[in-house]
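In: Structure for this input, please:
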Amino acid sequence: MSWLKRLLGAPQTPTQPASTTPELPTAEEMNFVIPAFGQLMERNAGQLGTVFDEAMLPKSKARLEFVLFCAIGVVESEDEAQQLAAGLLHIADYQPNVGTVPVTQLPALPTLGSPSSPEAIRAAAEAVSAHAVTSRYSAFEMRVQQDLERLNGMADKALAARAARLKHRSGR
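Out: Next comes the predicted model:
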């Protein structure tokens, strides 16, 4: 009917702006998202310098960041808070439009026979050094660094808020 009102010149009611404050995560959401992201991190452990597609994340990247940020503030254990803060930083390794094949910083390492000759080792080292950073990784490197800066600030704020909450609660 709004098209008819527009056609007839009826006054329009302004549309309400979308809320900019995200909804706080529920305990259910935290209990699903945090273990799911932890399992994803475990599967991808040991792949330093690798960028994965954000579609792999259990929730949208922004929502996952917010859930971890909130969780840091409510956990009792300092170890858990630090693990969640580290997880928050790892979200930087997940970027849009990477695709199903992760992007690595270094090219695939050459396979050395056994026993390896000094010549084979030297040739492998030269092959790796010739491609210091793969060109595909370079396309994502700036985004990863920007995310790391932003997420590091978020982690610092969450840990500081947690410390203030614990201090207030203890009455000191």
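In: rest of the way, CA atoms for contacts and neighbours
Out: Noted.
In: so how far is stretch 29-49 off the chain centroid?
Out: Distance, stretch centre to chain centre, for stretch 29-49: 10 Å (C-alpha atoms, centre = their mean, to the nearest Å).
In: buried residues in that stretch?
Out: Buried residues in stretch 29-49, defined by neighbour count with 16 or more other C-alpha atoms under 10 Å: 30, 33-34, 37, 41.
In: Among those residues, find me the one that's closest to Asp79.
Out: Distances from Asp79 to those, taken as C-alpha to C-alpha, are shortest for Ile34 (14.8 Å).
In: List the residues that contact the closest one.
Out: Applying C-alpha atoms under 8 Å, 6 or more residues apart in numbering, one finds that Ile34 lies in contact with Leu68.
In: which SSE is it in?
Out: With elements delineated by DSSP states H and E, Ile34 resides in helix 27-43, which encompasses its position.
In: what packs against the next helix or strand after that helix?
Out: Using DSSP H and E, the next helix or strand after helix 27-43 towards the C-terminus is strand 50-53. Using 3 or more C-alpha pairs under 8 Å, 6 or more residues apart in numbering; DSSP states H and E as the contact definition, the elements that strand 50-53 packs against are strand 94-95, strand 103-104, helix 135-170.
In: Tabulate the buried residues of stretch 29-49 (JSON lines), appending distance to Leu64 and pLDDT.
Out: Formatted as JSON lines, the buried residues of stretch 29-49 follow (distance: C-alpha to C-alpha, whole Å; pLDDT from 0 to 100):
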{"residue": "Met30", "distance to Leu64": "9", "pLDDT": "95"}
{"residue": "Val33", "distance to Leu64": "7", "pLDDT": "96"}
{"residue": "Ile34", "distance to Leu64": "8", "pLDDT": "96"}
{"residue": "Phe37", "distance to Leu64": "9", "pLDDT": "97"}
{"residue": "Met41", "distance to Leu64": "13", "pLDDT": "93"}
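In: Can you pick out the most distant pair from the residues you listed?
Out: For the buried residues of stretch 29-49, the maximum inter-member distance is 16.0 Å, found between Met30 and Met41 (C-alpha to C-alpha).
In: just the angle between the helix or strand containing Ala62 and helix 135-170, please?
Out: In this structure, Ala62 sits in helix 61-74 according to DSSP H and E. For helix 61-74 and helix 135-170, the angle between their directions (axes from the mean of the first three to the mean of the last three C-alpha atoms, to 10 degrees) works out to 30 degrees.
In: which residues touch helix 61-74?
Out: By C-alpha under 8 Å, 6+ apart, the residues outside helix 61-74 that reach it are 24-25, 30, 33-34, 54, 57-58, 80-82, 84-85, 87-88, 91, 154-155, 158-159, 161-162.
In: which non-adjacent residue is nearest Ala155?
Out: Spatially, and ignoring its direct neighbours in sequence, Ala155 is nearest to Ala85 (5.3 Å; C-alpha to C-alpha, 6 or more residues apart in numbering).
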